[in-house]
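Visitor: quick one, what's the 3D model for this:
(2 chains)
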Amino acid sequence: MARAVTNQRKAINTAAAWAVGLLIFFPILWTILTSFKTEATAIADPPVFLAFDWTLENYSAVMERSNYARFLWNSIIIAGGSTILGIIVAVPAAWSMAFVPSKRTKDILLWMLSTKMLPAVGVLYPIYLIFIKLGILDSRIGLVIVIMLINLPIIVWMLYTYFKEIPVDILEAGRMDGASLKDEIIYILTPMAVPGIASTLLLNFILAWNEAFWTLNLTAAKAAPLTAFIASYSSPEGLFYAKLSAASTMAIAPILILGWFSQKQLVSGLTFGAVK
Amino acid sequence: MGQINLTQVTKSFGDVNVIPPLDLNINDGEFTVFVGPSGCGKSTLLRLIAGLEDITSGKIEIDGQDATELPPAKRGLAMVFQSYALYPHMSVRKNIAFPMKMAGMDEAEQKKRIEAAAKALNLTDYLDRRPGQLSGGQRQRVAIGRAIVREPSAFLFDEPLSNLDAALRVGMRLEISEMHKRLATTMIYVTHDQVEAMTMADKIVVLQAGVIEQVGSPLELYRRPRNKFVAGFIGSPKMNLIEGKLASEHSVHTIGIRPEHIDVSTTEGAWQGTVGVAEHLGSDTFIHIHGIPGCDPLTVRAGGDVDVRHGDTVYLTPQAQHIHKFGADGLRLD
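Guide: Got it, this is the predicted structure:
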């Protein structure tokens, strides 16, 4: 018997889903609202939800004090650069694991994933020292490399899952038709994996954009991205909630907009292969 | 030209030896069918010829040239896969053009060949569609078109009709046979369906566990199977293999008699049995008979107008000239 879905049940489920959605979104909503309040209203008790005098003064203060454009540009370079570099490294790796697996392929994949379980702080000192030695501390190139490396396991895993779904017959047909390995990747594999590669790019870009541990610890002024921009507004002496909120809103806005427009792609990418 | 010779070819996957040393010659222009049960190594053998798998030892020659080390594309062979293996992101036209594009053929020649292939395969109206918008039969035609335009020295078919429904399969079978007559190119065709093997082949290669059991024309295999395996595999319904008392009357271990070589009567005959199931196909009746010692049930193919039912007693007389005799080792005796 099929499971009966009554209208009442549907209404309850819908309400519950909205409640959970709002609960998750609430901190972001509160941050955005606070960014339009004065510092006094921001810390008012009881808190004011919507009935306050909306102001843009926090935004102008933040723009005056910091060079938003420079932080934004650093974020774009670091997130974009690490994503592109990651894809370049991961495509051949995922290709070989998906299509010419060895006995140890599964182990390697698990080992790669296990590196994500290591607390990042555990390797902070070695990496910090290496960065000093190489003279890439507080440089965009250094961050591009380190963030690419920490996200690489996820990129390889995602691409591997997509490639596994491509029938080997099609690649073999290509080989029979005279395609070299390069032709095979350019004309057959990549076009077929475009949806998968696109969602991998997107997810990785978002992860890199939001990454705070390494960006805060390995940058000072030159290469600091938007995470450092936010952090610069949380100071131990005297809290400026409204300004901090304005800075946060400005930092998350680009990625929020990107996520909003690509949500269909992201969801289909993340659930790919889950139902077959 | 499309002469293919395999000399002492073997294939192992790790410790598993799937093809023990095997010799086979396929003549130019011949339609050769590899047939055998699932897992008999027929597809592996085809993939070895194609170059999609490396042989473990031995030698493969195509048109007198040693092709053992050549990559698939350099062997001059075209392959049609069971799953069609079309490029889903390309139109039919681009799918067919792909091998010519890879070969760097000039555009005008490509266009000419695509049009000729599309016309021959009734695909002209579908050239701008994607494979996803085509039916199974049309997809298989595209796969064949992609093979034809290369003008290969031999075509390799890996169970190309298995994904089609029964009616389409018969139609495509005829089309492939006609294509072979028209092009007179060597074709190697893998199937587990002995009807396809019998109807299409010039030469059938029967395989079991990587070993060639017999090579011959369809009628040779039907009339003089070399052993019990081939006897049971070729022909539908299967040959009855009878052991024990009835076989020892002929002084052999096993006798084989095809269902169509047994006369059935309700009044008299050499053997007596009881009808289990009678399958009325209209043109024929397949009667499964119990009570014959050494073979239960025994299958008889009678005319469509024979009226017997479950539980009826029937008398059977095997046609003496059609009795096959096998020794205890399973090999044919005469």
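
Visitor: ok, residue B:126 to chain A distance?
Guide: For residue B:126, the distance to chain A (C-beta to the nearest C-beta, to the nearest Å) stands at 19 Å. In short, each C-beta sits where N, CA and C put it, glycine included.

Visitor: what residues does that residue make contact with?
Guide: By C-beta atoms under 8 Å, 6 or more residues apart in numbering or on different chains, the residues touching residue B:126 are B:92, B:118, B:133-134, B:138, B:142.

Visitor: same question for residue B:66.
Guide: Applying C-beta under 8 Å, 6+ apart, the residues near residue B:66 are B:59-60.

Visitor: and for residue B:211?
Guide: B:20, B:22.

Visitor: quick revisit: export the contacts of residue B:126 as JSON lines, with columns for neighbour count.
Guide: Formatted as JSON lines, these follow (neighbours: other C-beta atoms under 10 Å in any protein chain shown):
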{"residue": "B:92", "neighbour count": "27"}
{"residue": "B:118", "neighbour count": "21"}
{"residue": "B:133", "neighbour count": "12"}
{"residue": "B:134", "neighbour count": "18"}
{"residue": "B:138", "neighbour count": "19"}
{"residue": "B:142", "neighbour count": "27"}
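
Visitor: out of those residues, which comes closest to residue A:143?
Guide: Checking these against residue A:143 with C-beta to C-beta, the nearest one is residue B:133 at 46.7 Å.

Visitor: spatially nearest residue to that closest one (excluding sequence neighbours)?
Guide: In space, residue B:133 comes closest to residue B:126 once its chain neighbours are excluded; the distance is 8.0 Å by C-beta to C-beta, 6 or more residues apart in numbering or on different chains.

Visitor: from residue B:99, how far off is residue B:145?
Guide: Distance of residue B:145 to residue B:99, computed by C-beta to C-beta, to the nearest Å: 10 Å.

Visitor: also residue B:112?
Guide: 15 Å.

Visitor: likewise for residue A:59?
Guide: 60 Å.

Visitor: those two: which is more packed in?
Guide: Taking neighbours as other C-beta atoms under 10 Å in any protein chain shown, residue A:59 and residue B:99 compare with residue B:99 leading, 24 against 18.

Visitor: what's near enough to touch the closest residue in space to the more buried one that isn't next to it in sequence?
Guide: Among residues not flanking residue B:99 along the chain, residue A:177 sits closest, at 3.8 Å (C-beta to C-beta, 6+ apart). For residue A:177, the contact set (C-beta under 8 Å, 6+ apart) comprises B:73, B:98-99, B:102, B:146, B:150.

Visitor: between those, which has the most around it?
Guide: Greatest neighbour count in the contacts of residue A:177, by other C-beta under 10 Å, goes to residue B:146: 28 neighbours.

Visitor: leaving aside the residues adjacent along the chain, what's closest to it?
Guide: residue B:96 (5.1 Å).

Visitor: cool, residue B:155 as well?
Guide: residue B:187 (4.6 Å).

Visitor: contacts for the helix or strand in which that neighbour is found?
Guide: Using DSSP states H and E, residue B:187 maps to strand B:186-191. Contact with strand B:186-191 is made by B:2-4, B:26-35, B:42-43, B:45-46, B:49, B:153-162, B:176, B:180, B:196-197, B:200-201, as judged by C-beta under 8 Å, 6+ apart.

Visitor: need the buried ones from the residues you listed selected in PyMOL.
Guide: Buried residues among the contacts of strand B:186-191 (16 or more other C-beta atoms under 10 Å in any protein chain shown), as a PyMOL selection:
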select buried, chain B and resi 2+3+4+26+29+30+31+32+33+34+35+42+43+45+46+49+153+154+155+156+157+158+159+160+161+176+180+196+197+200+201
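
Visitor: still on that earlier bit, quick one: mean pLDDT over the helix or strand where the residue nearest to residue B:146 lies.
Guide: For residue B:96, the host element (DSSP H and E) is helix B:92-102. Per-region confidence: helix B:92-102 scores 95 on mean pLDDT.

Visitor: contacting residues around residue A:23?
Guide: Residues near residue A:23 by C-beta under 8 Å, 6+ apart: none.

Visitor: ok, the nearest residue to residue A:131 once chain neighbours are set aside to residue B:80 distance?
Guide: Spatial nearest neighbour of residue A:131, excluding adjacent residues (C-beta to C-beta, 6+ apart): residue A:137 at 4.4 Å. With distances taken as C-beta to C-beta, residue A:137 is found 59 Å from residue B:80.

Visitor: so if I had to pick from the two, which one is more boxed in?
Guide: Remark: of residue A:137 and residue B:80, residue B:80 carries more neighbours, 26 against 20, as counted by other C-beta under 10 Å.

Visitor: correct me, but the more buried one touches residue B:144?
Guide: Yes. Applying C-beta atoms under 8 Å as the test, residue B:80 and residue B:144 come out as touching, 5.7 Å apart.

Visitor: and chain B, which residues reach chain A?
Guide: Contacts of chain B with chain A, taken as C-beta under 8 Å from any C-beta of the partner chain, map to B:50, B:52, B:71-73, B:77-79, B:81-83, B:85-89, B:98-99, B:102-103, B:146, B:150.

Visitor: sheet-wise, list the partners of the strand holding residue B:187 with their directions.
Guide: Strand B:186-191 has these partner strands in its sheet, going by DSSP bridges: strand B:31-35 (parallel), strand B:154-158 (parallel).

Visitor: could you dump the ones you listed into a markdown table with mean pLDDT added?
Guide: Shown next, in a markdown table, are these (pLDDT from 0 to 100):
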| stretch | mean pLDDT |
| --- | --- |
| strand B:31-35 | 96 |
| strand B:154-158 | 95 |
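
Visitor: same list (those strands) but as CSV, adding distance to residue A:66.
Guide: Converted to CSV, the strands paired with strand B:186-191 look like this (distance: least, C-beta to C-beta, whole Å):
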stretch, distance to residue A:66
strand B:31-35, 74
strand B:154-158, 65
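
Visitor: what's the closest of those strands to residue B:283?
Guide: That would be strand B:31-35 among the strands paired with strand B:186-191, by C-beta to C-beta, at 24.5 Å.

Visitor: residues in contact with the following helix or strand past the closest one?
Guide: Proceeding N to C from strand B:31-35, the next assigned helix or strand is helix B:42-50, under DSSP H and E. Residues outside helix B:42-50 that contact it (C-beta under 8 Å, 6+ apart): A:176, B:4, B:6, B:9, B:11, B:18-19, B:22, B:34-36, B:53-55, B:60, B:72, B:75, B:77, B:79, B:156, B:158-159, B:188, B:190, B:192, B:207, B:210.

Visitor: and the longest helix for the chain?
Guide: Reading this off chain A. helix A:68-99 (DSSP state H).

Visitor: nope, chain B please
Guide: Chain B, longest helix under DSSP H: helix B:166-183.

Visitor: so which bits of that one are buried?
Guide: Buried, per 16+ other C-beta under 10 Å, within helix B:166-183: B:169, B:172-173, B:175-177, B:179-180.

Visitor: next: stretch B:292-303.
Guide: Applying a neighbour-count criterion of 16+ other C-beta under 10 Å, the buried positions in stretch B:292-303 are B:292, B:294-295, B:297-302.

Visitor: what's it in contact with?
Guide: B:237-238, B:240-247, B:258-260, B:262, B:264, B:271, B:273, B:276, B:284-290, B:308, B:316.

Visitor: which ones among the residues you listed map onto helices?
Guide: B:245-247.

Visitor: one step back: for the buried residues of helix B:166-183, give me TSV that also has pLDDT and distance to residue A:121.
Guide: Rendered in TSV, the data for the buried residues of helix B:166-183 read as follows (pLDDT from 0 to 100; distance: C-beta to C-beta, whole Å):
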residue	pLDDT	distance to residue A:121
B:169	88	64
B:172	88	64
B:173	91	68
B:175	90	68
B:176	92	66
B:177	93	71
B:179	91	68
B:180	94	70
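
Visitor: now the two most distant members of those residues.
Guide: Longest span within these, C-beta to C-beta: B:169 and B:180, 16.5 Å.
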